[in-house]
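Visitor: pasting the structure only:
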């Protein structure tokens, strides 16, 4: 019975359910888009290109492992965890003998993959395709075959792939300068290679075997082995045979789609990033959606108060009222969920493409969109709609039938103590989150707490909204009274319809608070890091490269002129399973160019068997000078070092600092990211000394700092895009709620018109109400953002000084104001088009 009535109600009151439908549809689309990112991280395909002709590939283990054994109540529980390392792990080439002896193995092809960046004007065309060097002997793994010229024989010979040759206008006999792991070198192109498969994501340069080994700089090791079968041996049998042959080693055997992660390490690492990004976005989206949808349904139920009260008066039970509203919500939720889920699929694909364009996700990790995200979005939408309807219907279902009609005519004046108590609990919870945030000192830990605190505090505002609106009406009473009849009417509406106004304040507060937090979190962290780096760099000049890095030979050329030179190589290491940003610096003359503010120990003791650590790392690992630290370098090599010094500026210089040579031998790119130079010579004199390195620039420290700021801004854009959809959804909710709030007041406007008010006066009243609500929401949202950002700044930088740009803040408030005024004025004008007499007659 109630289901039939719910269907009739939805059909008859389509306009009344539009607001709830839009809110739920946007929520479903957002959850679906985030779900596809999460699924891409978990199940996205990484197709192989380079190893297309090798059915089985053997590689080194790219993870750090930890196994824990717990004994409890006579039971033994073994837990195994693995985390990826930052650089490529290399294989001992001696494993080739084992592979040759395995049954079914026809040929074992060693593979070398290393940095090889062409330095030509044509190379710019291939900026989106990273270039790698290989030995020509491994061309069979794709396979590449010569379409022109001959194979490389001498150390100065080079074969390039056809796509790059065409775009850079190269032919056999031309010269090409390549920046690899060593100094730049010019090679003579002896051949053009054509791939038998479509190689879309990389450029391949082939060297002679001896030259490839020199450039790979890992003697006795290879990147991988490609295993080709004997005639009649299938892939499954070959993989089983190779696995048995390598039993007892840490080597990994891959076939089929599992070969892709071996080839594209960055894509494999991006899986974790997408999982965390999709999960964080999806979780935040879900919380925001629940908050917005509850507010929208509350306003919808309030608009139907008279109708629902009449049902109570004709003997409908509270359970029937709740059941009716729940079924209506499920009907609207089902329609909105399916529509939003379908819209979320292309939205997720677009979001993935934007992340690829920004470089946050490699193109080799293909977007995956299965059935799980849409179904999860529909389920979440149905659950959210039903819960929102149940929450919103509590009061109207509880009133006594005798009070129903009277209750429908006026808003309740007594505070709802349950709502007040829940609001205070959430306010206390938000305060606890802010306090916790002030002691979190790592970005992965603080970021989710930051946005959770904003949502929880916004929920507190939603519950305490009526009281806050009444308080604001009292504070603004004087200014509103002075603004004329419209202001006095606006004040009366704020006090008499506080619940309705509170439903508008909530999304506006969330919009201002969330937007300010998103926009100012990264600058707060970035500015503090750059300030520490600025204060710690004592160098007179900084060398930077337009290509992959500054060659070691450039640093040697400056040392020959008696300059103090500090090469900086960056990487990431693991201490246990925990990840730490690390760098390698040249120990000689280090204090002349670099000062991380040592608080214990001395940098003079920094060497290949020691490490300097930040105060944060020292606190987390309980370290001090003289302590022993076991860790895993970027390529998976375990080392044990002694702590030489502890320094304060970890935010600007990373948590761990090693000697340059220790790090450079265990990274994919051993070229220095920057070189600090202490000298009495001028910029022109340094540039003259480095004229053999045209890609290397001599910069003042301030200029290098501005370049670093640009890079940080580019990285921050990824976070802006990630949260931009949540903010867009919130903005839609603001417009939706405001429009619903105004459109229900047709009778009120008609009564005002009949009492002598003009259209202009009514519109002025609406604008005054909107500005009052905007002022309250801006104050609340700004307070929430300021509290959260200050706590974030204290935890991450040690200083209560969030980076807030006044112009950006004013822009945020202006956009919120425009949304509020437009969403109020347009429905108001539409409502005022109806003749007042016709409205009054219809209502009576």
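Guide: Alright, I've got the coordinates. In this text the structure is predicted, and so the values were computed from the model without any measurement. Numbers count the residues shown, from 1 in each chain.
Visitor: from here on, contacts and neighbour counts on C-alpha atoms
Guide: OK.
Visitor: Next secondary structure element downstream of the helix or strand encompassing residue 225?
Guide: Taking DSSP states H and E as the criterion, residue 225 maps to strand 224-229. Remark: after strand 224-229, the chain's next helix or strand is helix 235-245, criterion DSSP H and E.
Visitor: The helix or strand harbouring residue 205 pairs with which strands, and in what direction?
Guide: Counting by DSSP H and E, the element that carries residue 205 is strand 203-207. Using DSSP bridges, strand 203-207 pairs in its sheet with strand 131-135 (parallel), strand 157-161 (antiparallel).
Visitor: so which of the ones you listed is the most packed in?
Guide: Among the strands paired with strand 203-207, strand 157-161 has the highest mean neighbour count (mean count of other C-alpha atoms under 10 Å), at a mean of 25.
Visitor: who touches that one?
Guide: 136, 151-152, 187-195, 203-208 (C-alpha atoms under 8 Å, 6 or more residues apart in numbering).
Visitor: Show me what counts as buried in stretch 749-769.
Guide: For stretch 749-769, the neighbour count (16 or more other C-alpha atoms under 10 Å) marks 749-750, 752-753, 759, 761-769 as buried.
Visitor: what about residue 689, neighbour count?
Guide: Residues contacting residue 689 under the criterion other C-alpha atoms under 10 Å number 13.
Visitor: Phi and psi next, for it.
Guide: Note on residue 689: backbone dihedrals following degrees, to the nearest 10 are phi -60, psi -30.
Visitor: residue contacts, it?
Guide: 557, 558.
Visitor: Kindly state the pLDDT recorded for it?
Guide: Residue 689 carries a pLDDT value of 91.
Visitor: Pretty sure residue 661 sits against residue 583.
Guide: No - counting by C-alpha atoms under 8 Å, residue 661 does not reach residue 583; the two are 10.7 Å apart.
Visitor: my guess is residue 229 meets residue 239, correct?
Guide: No - between residue 229 and residue 239 there is no contact under C-alpha under 8 Å: 9.6 Å.
Visitor: Give me the distance from stretch 277-286 to the chain's centre.
Guide: Centroid displacement of stretch 277-286 relative to its chain, using C-alpha atoms, centre = their mean, to the nearest Å, is 10 Å.
Visitor: May I have the secondary structure class of residue 109?
Guide: Following DSSP: H, G, I helix; E, B strand; the rest coil, we place residue 109 in the strand state.
Visitor: who's in contact with the closest residue to it other than its chain neighbours?
Guide: Nearest residue to residue 109, sequence neighbours excluded (C-alpha to C-alpha, 6 or more residues apart in numbering): residue 226, at 5.0 Å. Each residue near residue 226 by C-alpha under 8 Å, 6+ apart is listed here: 51, 54, 55, 56, 57, 58, 108, 109, 110, 111, 141.
Visitor: What of residue 351?
Guide: Going by C-alpha under 8 Å, 6+ apart, residue 351 touches residue 33.
Visitor: follow-up on the earlier one: export the contacts of residue 226 as JSON lines, with columns for neighbour count and pLDDT.
Guide: Formatted as JSON lines, the contacts of residue 226 follow (neighbours: other C-alpha atoms under 10 Å; pLDDT from 0 to 100):
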{"residue": "51", "neighbour count": "26", "pLDDT": "94"}
{"residue": "54", "neighbour count": "24", "pLDDT": "94"}
{"residue": "55", "neighbour count": "20", "pLDDT": "95"}
{"residue": "56", "neighbour count": "26", "pLDDT": "95"}
{"residue": "57", "neighbour count": "27", "pLDDT": "96"}
{"residue": "58", "neighbour count": "28", "pLDDT": "96"}
{"residue": "108", "neighbour count": "20", "pLDDT": "95"}
{"residue": "109", "neighbour count": "18", "pLDDT": "95"}
{"residue": "110", "neighbour count": "20", "pLDDT": "96"}
{"residue": "111", "neighbour count": "24", "pLDDT": "95"}
{"residue": "141", "neighbour count": "22", "pLDDT": "95"}
